[in-house]
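J.: Please find the sequence and the predicted model below.
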Amino acid sequence: METRRRVHDLIERGSGTAGRLIAAAILALITVNVMAVILETVDWIAADHAVTLHVIEVVSVSVFTAELLVRVWSCTADPRFAHPVLGRLRYLVQPLTIIDVVAIAPFFVPLVLPDLRFARAIRLLRLFRLLKFGRYSDTIRTLGRVAVGKREDLTVAAFAVTIVLVISSCLMYYVENEAQPTAFSSIPATMWWGIATLTTVGYGDIYPITPLGRFLGAFIALSGVGLVALPAGILAAGFTEEMQRRREEKAAAGATDGEPRRCPHCDGEL
């Protein structure tokens with residue numbers, strides 16, 4: 001039991017120098033693996049370096065599989081998953097564990113279901129290995145906490161953007177349909193123009209040609225600059241609050257340990 005607890009602390013919490021080295025090694029392997037998945041879509045690289053890419057895939061899957069098995073074996077050291085069977089089942093349905101399973105599934109599924117079309121489709125899931133960064137990167141975990149903490153604000157912002165998109169697409173359709181029946185053939189088709197205009201300066205394949213349409217398009221584009229920036233502002237505020245909270249926690253921990261408390265703003269001794 002003691003060995004299992006030490007392994008759990010080592011691989012799950014990254015405790016100690018060994019834990020940090022393991023985390024860094026797996027992060028490096030994830031990076032190499034994702035780069036290999038991207039590069040193998042280049043025909044000449046896939047042809048000239050097929051053996052190297054296959055070796056990277058096999059080594060990566062072997063390490064990721066061993067990592068998953070060790071995590072499932074040692075998870076009972078956590079009181080939440082203490083039961084030897086039900087605890088491990090609960091651990092397997094945790095979001096990060098599901099990501100670990102999805103990361104290795106593209107390698108094993110084609111061995112069981114060798115349908116070539118299905119195999120090509122399932123191999124795309126290898127890019128989900130990029131999500132494994134979330135287990136080892138504190139920055140990504142911070143982003144996740146901020147997104148969860150600001151989910152209501154982000155939902156309101158997304159709802160506002162959706163309303164503006166629908167209204168602008170409807171108006172542009174009725175203004176431009178008669179002049180450009182092909183480009184603005186329906187409201188759903190016009191939504192492509194609305195998305196490109198609200199989020200960027202326009203894609204250029206569809207644009208208004210009537211005077212009223214151009215005036216309306218300019219107004220919608222200017223409105224989109226501020227409206228679509230709302231989620232970025234919400235996330236920025238969330239990051240500021242999260243960093244402030246972490247500084248306060250560190251300051252409180254320092255005071256508990258007998259160390260002088262520090263100002264969270266200037267880091268001066270209080």
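T.: That came in fine, so what should we check first? Everything quoted here is computed from the prediction, not taken from an experiment.
J.: Wait, a strand at residue 204?
T.: No - assigned with DSSP: H, G, I helix; E, B strand; the rest coil, residue 204 falls outside any strand and is coil.
J.: For it, which residues are in contact?
T.: Taking C-beta atoms under 8 Å, 6 or more residues apart in numbering, we find residue 204 in contact with no residue. (C-beta placed from N, C-alpha, C; glycine too.)
J.: what's the following helix or strand after the helix or strand hosting residue 169?
T.: If you go by DSSP states H and E, residue 169 is part of helix 151-176. Beyond helix 151-176 on the C-terminal side, the first helix or strand identified by DSSP H and E is helix 187-199.
J.: I would like the residues contacting that following helix, please.
T.: For helix 187-199, contacts defined as C-beta under 8 Å, 6+ apart pick out 161, 164-166, 168-170, 172-173, 176, 183-184, 202-203, 206-207, 217, 220-221, 223-224, 227-228.
J.: Now restrict these to buried residues only.
T.: Among these, those classed as buried by 16 or more other C-beta atoms under 10 Å are 161, 164-165, 168-169, 172-173, 176, 183-184, 206-207, 217, 220-221, 224, 227-228.
J.: got the angle for the helix holding residue 169 vs helix 187-199?
T.: Using axes from the mean of the first three to the mean of the last three C-alpha atoms, to 10 degrees, the inter-axis angle of helix 151-176 relative to helix 187-199 is 120 degrees.
J.: I'd like the average pLDDT over helix 151-176.
T.: For helix 151-176, mean pLDDT is 89.
J.: And that helix, what does it pack against?
T.: Other elements packing on helix 151-176 under the criterion 3 or more C-beta pairs under 8 Å, 6 or more residues apart in numbering; DSSP states H and E are helix 187-199, helix 211-227, helix 230-256.
J.: and among the ones you listed, the most buried is which?
T.: helix 187-199 (a mean of 19; mean count of other C-beta atoms under 10 Å).
J.: hmm, back to that, now the helix holding residue 169 and helix 230-256, what's the angle there?
T.: Using the same axes, to 10 degrees: helix 151-176 against helix 230-256 is 170 degrees.
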